[in-house]
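Enquirer: Have a look at this prediction, sequence included:
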Amino acid sequence: MKTILDEGVPRKIAGLLRNAGCTVDPFPNDWKGQTNGRLLRLVGSVEYSCLLTCDKNLAHQQNLVAAGSAVVVLLTHDLAALKEIIDLVAAAIGQAQIGTVGLVPSSRT
């Protein structure tokens with residue numbers, strides 16, 4: 001599933017996820033400042049189908065099916081912690097389906 005990072009996700013995670021076999025791009029500069037609803041519609045209207053975010057509320061405030069998007073939520077934005085669980089993040093992206101929300105824990109414990 002082609003994934004795009006949300007604005008608050010560390011950009012360096014894109015390279016780590018590519019190394020783990022994911023198709024992922026950093027947040028586009030021209031998308032900055034979009035509302036959550038508009039952002040999800042943008043994700044679903046272009047070549048992306050999944051948004052990787054740290055915003056725990058985003059998916060519950062929007063209709064993901066109507067937006068044509070899946071959301072994977074990271075429970076941390078700490079790059080060091082994310083490096084430790086990059087395989088879990090990649091697995092969550094791999095299992096994501098349009099209209100669903102996946103949660104990735106902040107650690108293995």
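Expert: Yep, that arrived. Numbers count the residues shown, from 1 in each chain.

Enquirer: Give me the contacts around the lowest-mean-pLDDT helix or strand in the chain.
Expert: Lowest by mean pLDDT, DSSP states H and E among the helices and strands of the chain is helix 64-67, with a mean of 76. Helix 64-67 has contacts (C-beta atoms under 8 Å, 6 or more residues apart in numbering) with 37, 40, 41, 43, 44, 70, 71, 98, 99, 100, 101. For every residue, glycine as well, the C-beta is placed using N, CA and C.

Enquirer: Apply 6 Å and report the result again.
Expert: Identification of contacts with helix 64-67 by C-beta atoms under 6 Å, 6 or more residues apart in numbering yields 40, 41, 44, 99.

Enquirer: In this structure, what residue spans correspond to helices?
Expert: 13-19, 36-45, 64-67, 79-84, 86-95 (DSSP state H).

Enquirer: circling back to that earlier point, name the residues of the least confident helix or strand of the chain that are buried.
Expert: 64, 67 (16 or more other C-beta atoms under 10 Å).

Enquirer: how long is stretch 79-96 from one end to the other?
Expert: Stretch 79-96 stretches 22 Å from its first residue to its last (C-alpha to C-alpha, to the nearest Å).

Enquirer: Please tell me how far that stretch is from the chain's geometric centre.
Expert: The chain centroid and the centroid of stretch 79-96 are separated by 10 Å under C-alpha atoms, centre = their mean, to the nearest Å.

Enquirer: With stretch 1-17 instead?
Expert: For stretch 1-17, the distance to the chain centre is 7 Å (C-alpha atoms, centre = their mean).

Enquirer: now do stretch 51-69
Expert: On C-alpha atoms, centre = their mean, the centre of stretch 51-69 falls 9 Å from the chain's centre.

Enquirer: May I have it as PDB, with CA atoms only?
Expert: C-alpha atoms of stretch 51-69 as PDB (Å, rounded to 0.1, in the frame of the first residue of the first chain):
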ATOM      1  CA  LEU A  51      -1.500   7.900   5.900                       C
ATOM      2  CA  LEU A  52       1.100   7.300   8.600                       C
ATOM      3  CA  THR A  53       0.400   9.700  11.400                       C
ATOM      4  CA  CYS A  54       1.100  10.300  15.100                       C
ATOM      5  CA  ASP A  55      -2.400  12.000  15.500                       C
ATOM      6  CA  LYS A  56      -4.400   9.500  17.600                       C
ATOM      7  CA  ASN A  57      -7.600  11.400  17.000                       C
ATOM      8  CA  LEU A  58      -7.500  11.900  13.200                       C
ATOM      9  CA  ALA A  59      -8.900   8.600  12.100                       C
ATOM     10  CA  HIS A  60     -11.800   8.700  14.600                       C
ATOM     11  CA  GLN A  61     -12.900  12.200  13.500                       C
ATOM     12  CA  GLN A  62     -13.100  11.400   9.800                       C
ATOM     13  CA  ASN A  63     -14.900   8.900   7.400                       C
ATOM     14  CA  LEU A  64     -12.000   6.900   6.100                       C
ATOM     15  CA  VAL A  65     -14.100   4.900   3.700                       C
ATOM     16  CA  ALA A  66     -15.400   8.000   2.000                       C
ATOM     17  CA  ALA A  67     -11.900   9.500   2.000                       C
ATOM     18  CA  GLY A  68     -10.500   6.400   0.300                       C
ATOM     19  CA  SER A  69      -7.700   6.100   2.800                       C
END
